[in-house]
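**Student:** Predicted model follows, preceded by the sequence.
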Amino acid sequence: MKAAILSSPAPIAQRPLQIVDVADPRVRSGHTLLRVRACGVCRTDLHIVEGELPPKQLRIIPGHQIVGEVIGGAVDGIALGARVGVSWIGGTDGTCMYCQKGMENLCDSPTFTGYTVAGGYAQYAFARNDFVFPLPEALDDLHAAPLLCAGIIGFRSLRVAGVQPGERVGLFGFGASAHLAIAVLQAWKCEVYVSTRGQSHRRLAESLGATWVGDESDKPPVELDRAVTFAPSGDVVITALSSLRKGGVVAINAIHLDRIPQFDYDTLLWGERQMRSVTNMTREDARDFLALAAQIGLRPQVTVFSLNQANEALSAVKNDAIDGAAVIVP
């Protein structure tokens, strides 16, 4: 099969992904074999390819937003030919304290798709049987792919922030995840305030019905009940924190953050304001979000790349060169 292989992390401008032919995968015990129909491109993939997340394998196929057709290893409830999704969490140990307490997103020994095991920048992929999700018919391949991480983790971020229907919610950064979260917030009748650096991203936020849109240096005109940051920047976290009412919460949706600057406790954190990190997702998050996405007719804005253009797709994500999400079709 054809696959995009990362052998040595490097800046994406150096085109570190090599598009090569590798051996076709074979069915293995406890796993489902998929023909990849589409794979969403996530900023986490960029962190892996550029080495901001330390390498876990000598050679790895990135990609963890996989829409695939089951062609081997089918299990009860998922037949051959079924269309399923695979996300970032590719498996958990099921035995650690966190798994036992229903917090599998914090598992001590997790498997990460496209990081510790091969992912979806390829024509075929494997997934553990109990970590694939049947996809609603209402979600086609291209529009389902970005939901499988950007969508699920954005949904979890809203849960971590404690968003309640009708609240004022700030989204700081407006890329692949935020442009999906806004649809959920609108379904919950929330007012949405967007701060983001890219002019095209601001236009997209306006077109999707944001209550207010500003650039990254603008402060929302009202105090926010909740905020979610999507940019891997500590400066943005401070901006979001400064926009909260007393008792408000900032959820930091980032697997990698450059640093959080020193800030004044008395003016920014006092008053029982809170900062919370968002770590991975659970299968419950995935099931709940995919059902909601089908119910509200969520259709992300996507730009399609071929597998041969995997480096270009990641470059586009890094440089905010596209609105919405990038999707690779093998």
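**Tutor:** Ah, there it is.

**Student:** all helices in the stretch 51-200 of the chain, in order from the N-terminus.
**Tutor:** With helices called from DSSP state H, counting those that start in this stretch, the stretch 51-200 of the chain shows them at 97-100, 141-144, 150-161, 178-187, 199-207.

**Student:** So for the longest helix belonging to the chain, mean pLDDT?
**Tutor:** What stands out as the longest helix in the chain, according to DSSP state H, is helix 283-296. Mean pLDDT, computed over helix 283-296, is 95.

**Student:** now do stretch 43-52
**Tutor:** 95.

**Student:** How many residues are close by residue 281?
**Tutor:** Residues within reach of residue 281, counting by other Cβ atoms under 10 Å, total 24. C-beta here means a position set from N, CA and C on the backbone, and glycine is covered the same way.

**Student:** before we move on, the earlier item: if I take the longest helix of the chain and helix 178-187, what angle do their directions form?
**Tutor:** In terms of direction (axes from the mean of the first three to the mean of the last three Cα atoms, to 10 degrees), helix 283-296 departs from helix 178-187 by 70 degrees.

**Student:** buried sites along helix 283-296?
**Tutor:** For helix 283-296, burial by neighbour count (16 or more other Cβ atoms under 10 Å) applies to 283, 285, 286, 289, 290, 292, 293, 294.

**Student:** For the helices of the stretch 51-200 of the chain, give me a markdown table that also has distance to residue 324.
**Tutor:** Below are those laid out as a markdown table (distance: least, Cβ to Cβ, whole Å):
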| stretch | distance to residue 324 |
| --- | --- |
| helix 97-100 | 33 |
| helix 141-144 | 10 |
| helix 150-161 | 9 |
| helix 178-187 | 5 |
| helix 199-207 | 7 |
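
**Student:** Nearest to residue 17, out of these?
**Tutor:** Judged by Cβ to Cβ, the one of those that comes nearest to residue 17 is helix 150-161, at 19.8 Å.

**Student:** Let me see the residues that make contact with the closest one.
**Tutor:** With contact meaning Cβ atoms under 8 Å, 6 or more residues apart in numbering, helix 150-161 is reached by 40, 42, 65, 87-88, 105, 169, 175-178, 180-181, 184-185, 226-228, 230, 249-251, 253, 276, 278, 280-282, 285-286, 288-290, 292-293, 298, 300, 325.

**Student:** Now do the same for stretch 253-272: mean pLDDT, whole number.
**Tutor:** Averaged over stretch 253-272, pLDDT sits at 87.

**Student:** Please state the offset of that stretch from the chain centre?
**Tutor:** Remark: stretch 253-272 is offset 22 Å from the chain centroid, using Cα atoms, centre = their mean, to the nearest Å.

**Student:** same thing with stretch 184-203?
**Tutor:** That offset, for stretch 184-203, works out to 17 Å (Cα atoms, centre = their mean).

**Student:** Let the chain start at 401 from now.
**Tutor:** Sounds good: first residue 401 from here, last item stretch 584-603.

**Student:** of the helices of the stretch 451-600 of the chain, which approaches residue 663 most closely?
**Tutor:** helix 550-561 (19.0 Å).

**Student:** Can I get that closest one in CSV? Just the C-alpha atoms.
**Tutor:** Only the C-alpha atoms of helix 550-561 are listed here, as CSV (Å, rounded to 0.1, in the frame of the first residue of the first chain):
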residue,chain,number,x,y,z
ALA,A,550,-11.1,18.2,16.1
GLY,A,551,-14.9,17.8,16.7
ILE,A,552,-14.7,15.4,19.6
ILE,A,553,-12.0,17.3,21.4
GLY,A,554,-13.8,20.5,20.9
PHE,A,555,-16.9,19.0,22.3
ARG,A,556,-15.0,17.7,25.3
SER,A,557,-13.5,21.2,25.8
LEU,A,558,-17.0,22.6,26.1
ARG,A,559,-17.7,19.9,28.7
VAL,A,560,-14.5,20.6,30.6
ALA,A,561,-15.3,24.3,30.6
